[in-house]
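> Any chance you can model this:
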Amino acid sequence: MNFMSDTAAPAHPAVLSAISDANVGAAASYGADVWTERAREALSRVFECDLDIWLVGSGTAANALALATLCPPHGSVLCHAEAHIERDERGAPEFFTGGAKLSLLPGLHGRIDLSALRTRLAANDPDFVHETPIHVLSLSNLTECGAAYRPFEIAERAALAHEAALAVHLDGARFGNALASTGATPAELSWRSGVDVMSFGATKNGAMGCEAIILFGSARQRLADLRVRAKRAGHMPPKMRYLAAQMCAYLKDGLWLELAARANASAQAVAKCLVDHGGDLAHPVDGNEVFVRLPADVAARLKSAGVGFYPWPDGSFRFVCSWATTADDLTALGKVLA
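The predicted structure is shown next:
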């Protein structure tokens, strides 16, 4: 019973099959192959717009490169104090941007508080030489606390950012789970709500290791700069067809949404089981993550039974489900708690 992380889950068989199918003959290097173009076309259909992409092997690379194309070394990025780019990326955004600063904001359940955002933007003075001017607003969906932004919540924050001449970045490592929870379309939860650049995750939801940096609208003009930064940072995969093959299989016939819905349903079952046995939810279960406060004896019983879960900095415990979480896993968890 491993509820440590969705990155611990195996790759979906369709993804592995697609990699094998792509492993025939020679193909152009560095993203000039037909698979990468097919992946771009597939993402264009999913998001209902023309767009440009760059494929990388990790979410950290996707976030850091995306932010580096939007923020100069002397600027700053607004994000939540619990955002993944702040908590879990070992300074990669600062490193890839060449020194840009992360400026942290509060908000319940990992969602940036609107009032705090307004106050921070009002105080921003790019002409004041001693201040680090803001260039980007970064949102996460799902948030680092497992909560989802609805389209209107992204739109109202993005509107404030754009009024202040900021670009908007979206960390979508669990974007599929957010869609399955909100019922929104990919377009509604991204560019139609004001997102300029996003990190579109597949690794946590069935891929072996594939993330897409997606450029929408006028941000597409930054593709050449993104490619140069990716090359310089060592994230220009020579055999990008294998990343692209994963993305194509992931998107085909809505597989990614099916897998996300499956993971979300498992998380709801885990949440109910934990609450029924004394747990108290710390955050909404809007996706495939459950954050719960547990009595000490219950947590000890789970650990002694070999259940894998993660202690969270806020005092709760995180349980993560994946597309591969089985009914047997859920039954076994219930038996341990009973």
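> What ranges does the chain have for its strands?
Along the chain, the segments classed as strands by DSSP state E run 51-56, 76-80, 101-105, 134-140, 167-172, 197-201, 211-216, 280-281, 289-293, 310-311, 317-320.
> Tabulate those strands (TSV), appending mean pLDDT, distance to residue 268 and mean neighbour count.
From N, CA and C alone the C-beta is placed, and that goes for glycine too. Output for the strands of the chain, formatted as TSV (pLDDT from 0 to 100; distance: least, Cβ to Cβ, whole Å; neighbours: other Cβ atoms under 10 Å):
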stretch	mean pLDDT	distance to residue 268	mean neighbour count
strand 51-56	98	31	24
strand 76-80	98	24	25
strand 101-105	97	29	18
strand 134-140	98	21	26
strand 167-172	98	21	28
strand 197-201	98	21	28
strand 211-216	98	26	26
strand 280-281	98	11	13
strand 289-293	98	9	25
strand 310-311	94	19	12
strand 317-320	98	11	25
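> Reformat those into JSON lines and put distance to residue 45 next to each item.
Formatted as JSON lines, these follow (distance: least, Cβ to Cβ, whole Å):
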{"stretch": "strand 51-56", "distance to residue 45": "10"}
{"stretch": "strand 76-80", "distance to residue 45": "30"}
{"stretch": "strand 101-105", "distance to residue 45": "34"}
{"stretch": "strand 134-140", "distance to residue 45": "24"}
{"stretch": "strand 167-172", "distance to residue 45": "17"}
{"stretch": "strand 197-201", "distance to residue 45": "14"}
{"stretch": "strand 211-216", "distance to residue 45": "13"}
{"stretch": "strand 280-281", "distance to residue 45": "36"}
{"stretch": "strand 289-293", "distance to residue 45": "28"}
{"stretch": "strand 310-311", "distance to residue 45": "36"}
{"stretch": "strand 317-320", "distance to residue 45": "29"}
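> Quick one: closest of those to residue 187.
Nearest to residue 187, of all the strands of the chain, is strand 211-216, at 9.4 Å by Cβ to Cβ.
> partner strands of the closest one, parallel or antiparallel?
Sheet pairing of strand 211-216 (DSSP bridges) gives strand 51-56 (antiparallel), strand 197-201 (antiparallel).
> Out of the strands of the chain, which gets nearest to residue 119?
Closest approach to residue 119 among those is made by strand 101-105 (9.2 Å; Cβ to Cβ).
> could you give the angle of that closest one to strand 134-140?
Orientation check (axes from the mean of the first three to the mean of the last three Cα atoms, to 10 degrees): strand 101-105 against strand 134-140 gives 60 degrees.
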